[in-house]
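J.: have a look; sequence and predicted model below, questions after that.
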Amino acid sequence: MKKRQVVIRRGSSNRSSSNQVVRYGECQKNHAANIGGYAVDGCREFMAGGGEGTAGALSCAACGCHRNFHRREVESEVVCDSSSPS
């Protein structure tokens, strides 16, 4: 009998896996950095401002910040097939 084991890794830096899902979380841009303070805008999740492949896809529709200011979450799936002796 063949068994299938699926392992979900969070924050993995392995780029060779083809089963990776990238999600962008809350905005971490410090809007008060120029005056020596710390203030974030409270945007909780990146929402693309345009379609895939356009310049608007890299800016957030909610806060207007670039996608790089949002926390990046990578989920990769590793599938291992194994057969057990009967």
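T.: Sure, I can see it.
J.: ok, and the closest non-adjacent residue to Glu73?
T.: Of all residues not flanking Glu73 in the chain, Arg23 sits nearest, at 4.7 Å (Cβ to Cβ, 6 or more residues apart in numbering). Yep, even glycine has a C-beta here, placed from its N, CA and C like the rest.
J.: now for that neighbour: which residues touch it?
T.: Arg23 makes contacts with Arg72, Glu73, Glu75, as judged by Cβ atoms under 8 Å, 6 or more residues apart in numbering.
J.: low-confidence stretches in this protein?
T.: Applying pLDDT under 70 to the chain picks out residues 1-18, 79-86.
J.: the nearest residue to Ala48 once chain neighbours are set aside in helix, strand or coil?
T.: For Ala48, ignoring the flanking residues on the chain, the nearest one in space by Cβ to Cβ, 6+ apart is Ala57 at 4.7 Å. Three-state call for Ala57 (DSSP: H, G, I helix; E, B strand; the rest coil): helix.
J.: residues near Ala57, how many?
T.: Residues near Ala57, counting by other Cβ atoms under 10 Å, number 12.
J.: list the residues that contact it.
T.: Residues counted as contacts of Ala57 (Cβ under 8 Å, 6+ apart) are Ala48, Gly49, Gly50, Gly51.
J.: rerun at 7 Å
T.: Contacts for Ala57 (Cβ atoms under 7 Å, 6 or more residues apart in numbering) come out as Ala48, Gly50, Gly51.
J.: list the residues that contact Arg44.
T.: Neighbour list for Arg44: Glu26 [criterion: Cβ under 7 Å, 6+ apart].
J.: that one: which element?
T.: Secondary structure assignment for Arg44, by DSSP states H and E: no helix or strand.
J.: cool, thanks, signing off.
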